[in-house]
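Student: Can you look at this prediction? I've put the sequence above it.
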Amino acid sequence: GGGLRNESFKGFAPKAKVISQGFSGILINAPKYVNDYNMVITNNSYGDNIECYYYGAYDLASRMMDQMVFDLPHLTHFFSSGNSGSSVCAPYPASFHTVLGGYQSAKNVITVGATTDVGVVAGFSSRGPVKDGRIKPEIVTQGQQLLSTWTANAYSSNNGTSMASPCAAGGMALLYQRYRQLHGNADPLNGLMKALLCNGASDRGNNGPDFQYGFGWMNLLRSIDMMENDHYVIDNVAASGLNQHVINVPANTAMLKVMLYWNDPAASPLSAKTLVNDLDLEVVNGATTYLPNIVDTFDLNGVSFTGVDSRNNMEQVVIMNPAAGTYTINVKGTAITQNGSQDYFVVYDPIPVQVKITSPVANEPILPSVDALSRVKIGWEAYGFPTGTVTIEFSDDNGANWSAIATGIDINSIVYNWFVPNVSTTEALIRITKEGTGETTTSGLFTIMPEPTVTVASTQCEGYFTINWTAVAGATGYEVMMAKDGEMEVVA
């Protein structure tokens, strides 16, 4: 995962310390690992009771996870949603109500579904709702044909929500790292991090949350933007109380996303409804009140509508093309049946109208493509453009000359798989132009360089180690590196 064998396959958080145990051992020992290692994230790619009758069940394992977020307030748990997307569990439509019961169906964890590399839900990915109608999964990431570490010190591709969940956990590790950088190495509260991750996700499938994609496809850039700009509130509301938080929305905003999340007290496994403390979210601008998006449990593949949510402990208001000005976020303590009050987290993201390239990034080293799996993803954000197409171009000489990679690409697809040409350059650029209106966004300079083939000399001398490699056209020099303590160190 550190990319020592192939830098292109470096993982999300290559410097993270990893504790590995079989199945739920990591959860049983969580208090000890938090104390001994300051563990802040767990990934759990497993499940049991893969039967229709138990999908979405809230049981003692669910209750244990919901309680643990209070006992260990800086620890966030990720679970793969399951690979039962091809199942039919009557009376639900095919694929729906297939999220695993137990750990995955807890309220205060993050359950992760799987997509293709361009953000389309994978056919095998388990879908909600859980038994009491709550939204699961909360978020999706790539889990189909995902390249990762493999046995015998190799890399391989694999499929499953078991691949998607560690992607989300690795992304969360980066969010924890950034929070520590901004706050004197202090650890954040798990509820805040869950809200930032889910509200930052890019909507996929039907507009608003749904039972296939949850709140969307993981987008760490939006989560980081909210964190760095302090677009969040941590507060407490009393039973029947009302808290108000005022925010300003600038001009030229394409979308305002506001999310309310709270770690809800553990419920009884015998309860038909697992929500214990019911809070409600409203966003008010002038005479207009905006309510959260709700998914209809009688039309599981339908488009969400707005209303009062009395089922989920995560609510989201989305306002398209909001007018500039002052908005008031209302948090209501509608029905608090335990503890007399409830801590909560509000996060908000005023997203500007923009087309902005997100990858490749400046100074990134890239290898020429040799097959479909080695293609490189060109990514961008596009907000405020319901329809439209873009042209994607490439320059290997710092913009002096450009060649077209693709034209007529849907502006909202936000990802394109690029077969990288076999060139050697330190002055590579990607440019994306909106067709018809001409808005452009250009990447920073990055490097494309073929990989030398390294061989070990057949004859070796005592005290020395001789290696050979093929010359790379355009290379001005070489560094010989050796792995040491998880790092590659230059030795010649």
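Tutor: Done, it's in. Just so it is clear, the structure is predicted and the values come from calculations on it, not from any experiment.
Student: which residues of the stretch 1-150 of the chain score low on pLDDT?
Tutor: For the stretch 1-150 of the chain, no stretch has pLDDT under 70.
Student: can you give me the strands in it?
Tutor: Ranges of strands within the stretch 1-150 of the chain are 41-44, 76-80, 110-115, 139-142, 146-150, based on DSSP state E, counting those that start in this stretch.
Student: Report the distance from the first one to the chain centre.
Tutor: Same thing as strand 41-44. 14 Å (CA atoms, centre = their mean, to the nearest Å).
Student: ok, and what's touching that strand?
Tutor: Residues from elsewhere that reach strand 41-44 (CB atoms under 8 Å, 6 or more residues apart in numbering): 24, 26-27, 30, 75-80, 103, 165-166, 169, 172-173, 176. Quick note: C-beta positions are derived from backbone N, CA and C, even for glycine.
Student: out of the strands of the stretch 1-150 of the chain, nearest to residue 274?
Tutor: strand 110-115 (13.8 Å; CB to CB).
Student: and that closest one, what other elements does it pack with?
Tutor: For strand 110-115, the helices and strands in contact under the criterion 3 or more CB pairs under 8 Å, 6 or more residues apart in numbering; DSSP states H and E are strand 76-80, strand 139-142, helix 161-182, helix 190-200.
Student: try 6 Å this time
Tutor: Applying 3 or more CB pairs under 6 Å, 6 or more residues apart in numbering; DSSP states H and E, we find strand 110-115 packed against strand 76-80, strand 139-142, helix 161-182.
Student: Show me what the closest residue in space to residue 435 that isn't next to it in sequence bridges to in the sheet.
Tutor: Closest residue in space to residue 435, ignoring its immediate chain neighbours: residue 389 at 4.8 Å, by CB to CB, 6 or more residues apart in numbering. Beta bridges link residue 389 to residue 410 when assigned by DSSP bridges.
Student: Convert stretch 7-24 to PDB, retaining C-alpha atoms only.
Tutor: Listed next in PDB are the C-alpha coordinates belonging to stretch 7-24 (Å, rounded to 0.1, in the frame of the first residue of the first chain):
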ATOM      1  CA  GLU A   7       4.200   4.300  -7.100                       C
ATOM      2  CA  SER A   8       1.000   4.400  -9.200                       C
ATOM      3  CA  PHE A   9      -0.600   2.000  -6.700                       C
ATOM      4  CA  LYS A  10       0.100   3.900  -3.600                       C
ATOM      5  CA  GLY A  11      -2.900   3.700  -1.200                       C
ATOM      6  CA  PHE A  12      -5.000   6.500   0.200                       C
ATOM      7  CA  ALA A  13      -3.100   6.800   3.500                       C
ATOM      8  CA  PRO A  14       0.300   5.100   2.900                       C
ATOM      9  CA  LYS A  15       1.800   6.300   6.200                       C
ATOM     10  CA  ALA A  16      -1.000   5.100   8.400                       C
ATOM     11  CA  LYS A  17      -0.300   2.500  11.100                       C
ATOM     12  CA  VAL A  18      -2.400  -0.600  10.600                       C
ATOM     13  CA  ILE A  19      -3.700  -3.000  13.200                       C
ATOM     14  CA  SER A  20      -5.100  -6.200  11.600                       C
ATOM     15  CA  GLN A  21      -7.400  -8.800  13.100                       C
ATOM     16  CA  GLY A  22      -9.800 -11.400  11.800                       C
ATOM     17  CA  PHE A  23     -13.400 -10.300  11.600                       C
ATOM     18  CA  SER A  24     -14.800  -8.400  14.600                       C
END
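Student: For it, buried residues please.
Tutor: By 16 or more other CB atoms under 10 Å, the buried positions in stretch 7-24 come out as 11-13, 16, 24.
Student: And stretch 108-128, by the same measure?
Tutor: 108-117, 119, 121-122, 124-128.
Student: Now do the buried residues in stretch 408-428.
Tutor: Neighbour count says stretch 408-428 has 409, 411-412, 414-416, 418, 420, 424-425, 428 buried, by 16+ other CB under 10 Å.
Student: Which of the helices and strands packed on strand 110-115 sits closest to residue 238?
Tutor: strand 76-80 (26.7 Å).
Student: For the closest one, what is the distance to the chain centroid?
Tutor: Counting by CA atoms, centre = their mean, strand 76-80 is centred 12 Å from the centre of its parent chain.
Student: on contacts alone, who are the packing partners of it?
Tutor: Against strand 76-80 (3+ CB pairs under 6 Å, 6+ apart) you get strand 41-44, strand 110-115, helix 161-182.
Student: Comparing the ones you listed, which comes out most buried?
Tutor: Among those, the stretch with the highest mean neighbour count (mean count of other CB atoms under 10 Å) is strand 110-115, at a mean of 29.
Student: contact partners of that strand?
Tutor: 78-81, 104, 121-122, 125, 136-140, 142-143, 161, 164-165, 168, 194 (CB atoms under 6 Å, 6 or more residues apart in numbering).
Student: Need the CA coordinates for it. CSV is fine.
Tutor: Written as CSV, here are the backbone C-alpha positions of strand 110-115 (Å, rounded to 0.1, in the frame of the first residue of the first chain):
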residue,chain,number,x,y,z
ILE,A,110,-20.7,4.5,8.1
THR,A,111,-21.9,1.8,5.8
VAL,A,112,-20.3,1.9,2.3
GLY,A,113,-21.6,0.7,-1.0
ALA,A,114,-19.6,0.0,-4.2
THR,A,115,-19.5,1.7,-7.6
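Student: tell me the angle it makes with helix 161-182.
Tutor: 120 degrees (axes from the mean of the first three to the mean of the last three CA atoms, to 10 degrees).
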